[in-house]
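J.: Quick one: sequence and predicted model below, then my questions.
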Protein chains: 2
Amino acid sequence: MARTASLSGFPEWLPEERLVELHVLDTLRRVFELHGFSSIETRAVETVGQLLRKGEIDKEVYGLSRLQDDDGDSATGTATDTETGAARSHKGDPHALALHFDLTVPFARYVVENAGYLAFPFRRYQIQKVWRGERPQEGRAREFTQADIDIVGDGDLPFRYDVEIALVIAEALSALPIPAFLLRINNRKLAEGFYNGVGLTDTAGVLRSIDKLEKIGPAKVAELLKSELGATDEQAQSALKLASIRTEDTSFVEQVRALGVSNELLEEGLTELEQVIAAAVQRAPGKVVADLSIARGLDYYTGTVVETVLVGHEQLGSICSGGRYDALASKGNRKFPGVGLSIGVTRLVSRILSQDLAKATRSVPTAVLVALNSDDSWGAAQDVAAELRSRGIATEVAAKAEKFGKQIKFADRRGIPFVWFTDDDGKHQVKDIRSGEQVDADPATWAPAAEDLYVRVLKA
Amino acid sequence: MARTASLSGFPEWLPEERLVELHVLDTLRRVFELHGFSSIETRAVETVGQLLRKGEIDKEVYGLSRLQDDDGDSATGTATDTETGAARSHKGDPHALALHFDLTVPFARYVVENAGYLAFPFRRYQIQKVWRGERPQEGRAREFTQADIDIVGDGDLPFRYDVEIALVIAEALSALPIPAFLLRINNRKLAEGFYNGVGLTDTAGVLRSIDKLEKIGPAKVAELLKSELGATDEQAQSALKLASIRTEDTSFVEQVRALGVSNELLEEGLTELEQVIAAAVQRAPGKVVADLSIARGLDYYTGTVVETVLVGHEQLGSICSGGRYDALASKGNRKFPGVGLSIGVTRLVSRILSQDLAKATRSVPTAVLVALNSDDSWGAAQDVAAELRSRGIATEVAAKAEKFGKQIKFADRRGIPFVWFTDDDGKHQVKDIRSGEQVDADPATWAPAAEDLYVRVLKA
């Protein structure tokens, strides 16, 4: 199964691999819906202006243009009217179309556009593909599926939702056939307040440097802070000390206080992060740590920030990230603060498949193949199949009345566990082709064992 | 709910509308899996060369290029190595990337690439978005979801699968909350054989003209046949007579024979179509007609062809089309003939929503809101919620201990039918806020009535 994608960065699964992915998607959906999140999808396409709205983006975006439009025919190619069917050239045109690179920016746009139709706080999950034109490598594709949950308020959003969303994600990840994971949580207010408290005011700059900690190490980060942000040695050391704090409980609060920095925003951040960690210690023990090195680069977060590692697979990168964003969506004076987390489904599924962490119990949905006695028995075989299907048993009918041995081989090759036979007198039998056991059966009542009814996906 | 999409041709649903779409998608998936079809997805992106492989395409294709690459930097913009992360300019470059416009062409490519890993005849369903840069109008979007089933053989594929796939689609469509539908089925061999029999050899040309029958009427089609294909008046009239045949049973065979044309391919086509219609009369009565006007334009079909109308909504266009294609996929001398049908999910869902043909029983997955007695009771409320969820009851917890009236109003506004109360002594009660009835309840055993457990989608 070690196949190479025919287009690098655009993975495609074989049917039995897709069963694993479907299991992951179905599981996430079930958990999200149990917690009252509504499904939505947004279009794959945003205007370039929308994607660049938050200023700097560090994602590689795919622009769109109509193939039949290469000559730049002004009637359809550069018109300003979206009714004309044109995808304009994206060269600097904010109305040009591009594929979305995440689900948060499109969701923010959706909330603003549909605010009049939504009940706030609005809870939604969104499972869709996103595209980034980055250099592909393990764990980083150009087309991949994200599964996001967000809660967005109208005007304000109680902090409690930050706690809740972390717990929901911990529950969702726990339901997947993956190794142990760890949510590493920090708070932007805590970081910004602390930096300000020691006299470092370029928060974005400090975060950008701290974000490189795992890649380049503390000594080089200190150098960056000094050379790029003019930090003193003492300031740099303070920032690094803060980033080195990591606790499984709320003891990080005392550790931060011991650094002797006093700042109002810092206190606010400490209180918030303390609430998240206290709830997690109780409700998701061992799955969450306070990790004050988490920065989340250039993103739009304003409070809680989260990254998640798969224990033993740390080099895969974060499998679930997100946080609180108070200013991503607004409509005039009306603000829609939100908090959300995004699971990298393709990254997880790729890892599950490449390391055989889980497997489908069979390769097709079919439980039963109805064999043909003669070519004329196709109609009768369809009747048997219809009866089985009416009771939820996935069934297909052979297309040719080959020798039974050949029909059994066909089922075996497709991974179908049962073959159904009806003789000329209408007597029915069903064979479990794994054990060879063959028994009399009635299409109106026979059922496979529960574990054979549907494909299941089992953790290795 | 009469909203306008913010980008014309890119529809987005509100959460309660999405529930209708989800119901349609879940229903199709269930039927397809019951018939043994495996799920696959292909990447959204194909090379332009792949999309144009069958020569002429009449679809408007969206090409891709990296936004950060506008200056045509040769290191990443026009390299021939797909490893560089580049989406090349699509100007005449067959390796450039574009969004797929249907799921059949990508599926054919997938089959050829993965032939070594698939068990043939390979049955798959594929539910994905596709994109076409066409002028949007009712029933025609630029981004829309298709749900396809196909069966593909290695070398050959018994004709019986043409019969089966029509029956599966009839069953799938019957399970949807839509009005009566009619599969209109024809056969390319029948048509080509007949045309050849009367001396018309440009089959594609005749089909293209016949395809316009509903739009421009028989007189103008006759003119076209004569002016563009050099048909005699008699030939044109023969072709029109054939196209006028439409029967609910196999009597079309006699009607065609009565036209007095004799041709081997015609006989083959008659036999094939007769088999499909005979099976449909028995197994899907009233849902299928032989309609010898069906042409399917420029597509790649070689035998059975199908279009489907929604009765009373004929102007919506075909909601499900497809047919037999013997030459779409090949690998050297190895051929992979297939037969498949594609349901226009977005077209159907748009119509269901715009005409209120079906509705979700509530607007959110949540069945129960656990109210807060005091701000400190959030943890206890989460315990109640967790217990309900463990038994499959979708539950959310209030974020603020507002007055109960306000919390009930909150549930009402979100469409949640039940509110759970726990008093300071730990006594539990649950209120059906629609009837006002409030009863004692145990979080370990209480359950809503079956019809309130999940959102259901009901036909109007």
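T.: That came in fine, so what should we check first?
J.: any idea how far A:S251 lies from B:Q315?
T.: Noted for A:S251: a distance of 69 Å to B:Q315, by C-beta to C-beta, to the nearest Å. Every residue, glycine included, has its C-beta placed from N, CA and C.
J.: Which one of those two is surrounded by more residues?
T.: Neighbours were tallied for A:S251 and for B:Q315 using other C-beta atoms under 10 Å in any protein chain shown; the higher tally belongs to A:S251 (12 against 9).
J.: Just after the one helix or strand A:A290 maps to, pick out the following helix or strand.
T.: A:A290 belongs to strand A:288-291 when elements are defined using DSSP states H and E. Next along the chain after strand A:288-291, taking DSSP H and E as the criterion, comes strand A:304-310.
J.: for the next helix or strand after that next one, what is the average pLDDT?
T.: Counting by DSSP H and E, the next helix or strand C-terminal to strand A:304-310 is strand A:320-325. Strand A:320-325 shows a mean pLDDT of 96.
J.: show me the contacts for the spatially closest residue to A:K241 that is not a sequence neighbour.
T.: Closest residue to A:K241 apart from its sequence neighbours, by C-beta to C-beta, 6 or more residues apart in numbering or on different chains: A:L259 at 5.9 Å. Shown in contact with A:L259 (C-beta atoms under 8 Å, 6 or more residues apart in numbering or on different chains): A:194, A:238, A:241-242.
J.: from those, which is closest to chain B?
T.: Nearest to chain B among the contacts of A:L259: A:F194, at 27.8 Å, using C-beta to the nearest C-beta.
J.: In terms of helices and strands, where is that closest one?
T.: Element membership for A:F194 (DSSP H and E) is helix A:188-197.
J.: what does that helix rub up against?
T.: Residues outside helix A:188-197 that contact it (C-beta under 8 Å, 6+ apart): A:201, A:203, A:206-207, A:210, A:238-239, A:242, A:256, A:259, A:261-270, A:272-273, A:292, A:295, A:301-305, A:323-324.
J.: 7 Å - rerun?
T.: Helix A:188-197 has contacts (C-beta atoms under 7 Å, 6 or more residues apart in numbering or on different chains) with A:203, A:206-207, A:239, A:242, A:261-266, A:268-270, A:272-273, A:301-303, A:305.
J.: ok, now stretch A:432-443?
T.: For stretch A:432-443, the external contacting residues (C-beta under 7 Å, 6+ apart) are A:384, A:387-388, A:408, A:411-412, A:417-419, A:428-431.
J.: Check stretch A:445-460 too.
T.: Applying C-beta under 7 Å, 6+ apart, the contact partners of stretch A:445-460 are A:19-20, A:23, A:177, A:356-362, A:365, A:367, A:391, A:393, A:417-418, A:430.
J.: Please list the members of those that lie in helices.
T.: Applying DSSP state H to those, the entries found in helices are A:19-20, A:23.
J.: between those, which is closest to chain B?
T.: Minimum distance to chain B across the ones in helices among the contacts of stretch A:445-460 is 7.4 Å, recorded for A:L19 (C-beta to the nearest C-beta).
J.: OK, contacts around the closest one?
T.: Neighbours of A:L19 in contact, by C-beta under 7 Å, 6+ apart: A:360, A:455, A:457.
J.: Return the distance of it relative to B:E264.
T.: 45 Å.
J.: thinking again about what came up before, state the helix or strand in which the residue nearest to A:K241 lies.
T.: Using DSSP H and E, A:L259 sits within no helix or strand.
J.: measure the closest residue to chain B within the stretch 201-350 of chain A to A:A170 for me?
T.: Nearest residue of the stretch 201-350 of chain A to chain B: A:R283, at 6.8 Å (C-beta to the nearest C-beta). Here A:R283 is placed at a distance of 8 Å from A:A170 (C-beta to C-beta).
J.: Which of those two has more residues huddled nearby?
T.: Neighbours of A:R283 and A:A170, each counted by other C-beta under 10 Å, are more numerous for A:A170; the result is 23 against 19.
J.: which phi and psi does the more buried one have?
T.: Per-residue torsions, A:A170: phi -60, psi -40 (degrees, to the nearest 10).
J.: next one: A:S293
T.: phi -90, psi -10.
J.: My guess is it contacts A:I210. True?
T.: Yes: under the criterion of C-beta atoms under 7 Å, A:S293 makes contact with A:I210 at 6.5 Å.
J.: Touching both of those two, which residues are there?
T.: Jointly contacting A:S293 and A:I210 under the rule C-beta under 7 Å, 6+ apart are A:A243.
J.: So if I had to pick from these two, which one is more boxed in?
T.: Higher neighbour count among A:S293 and A:I210: A:I210, with 25 against 20, using other C-beta under 10 Å.
J.: Provide a list of residues in contact with the closest residue to that one other than its chain neighbours.
T.: Nearest non-adjacent residue to A:I210, counting by C-beta to C-beta, 6+ apart: A:A295, 4.7 Å away. Contacts for A:A295 (C-beta under 7 Å, 6+ apart) come out as A:207, A:210-211.
J.: next one: A:Y110
T.: When contacts are counted by C-beta under 7 Å, 6+ apart, A:Y110 touches A:40, A:42, B:12.
J.: Surely the first one touches A:R124?
T.: I take that to be A:I40. Yes: contact criterion C-beta under 7 Å: A:I40 and A:R124 qualify, at 4.9 Å.
J.: what is in contact with these two at once?
T.: Common contacts of A:I40 and A:R124 (C-beta under 7 Å, 6+ apart): B:P15.
J.: related to what we said a few turns ago, averaged pLDDT, the helix or strand following the helix holding A:F194. What do you get?
T.: Sequence order places helix A:203-210 as the next helix or strand after helix A:188-197, per DSSP H and E. The pLDDT scores in helix A:203-210 average 92.
J.: Also stretch A:284-297?
T.: 94.
J.: Just the CA coordinates for that stretch, please, in PDB.
T.: Listed in PDB are the C-alpha atoms of stretch A:284-297, where the atom choice follows Å, rounded to 0.1, in the frame of the first residue of the first chain:
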ATOM      1  CA  ALA A 284      -9.600  15.300  30.600                       C
ATOM      2  CA  PRO A 285      -6.800  14.200  32.900                       C
ATOM      3  CA  GLY A 286      -3.400  13.600  31.200                       C
ATOM      4  CA  LYS A 287      -4.600  15.100  27.900                       C
ATOM      5  CA  VAL A 288      -3.900  18.800  28.400                       C
ATOM      6  CA  VAL A 289      -0.800  20.800  29.600                       C
ATOM      7  CA  ALA A 290      -0.200  24.500  30.100                       C
ATOM      8  CA  ASP A 291       2.700  25.200  27.800                       C
ATOM      9  CA  LEU A 292       3.800  28.700  27.800                       C
ATOM     10  CA  SER A 293       6.000  28.300  24.700                       C
ATOM     11  CA  ILE A 294       3.000  28.000  22.400                       C
ATOM     12  CA  ALA A 295       2.800  31.100  20.200                       C
ATOM     13  CA  ARG A 296       0.800  30.200  17.000                       C
ATOM     14  CA  GLY A 297       2.800  32.500  14.700                       C
END
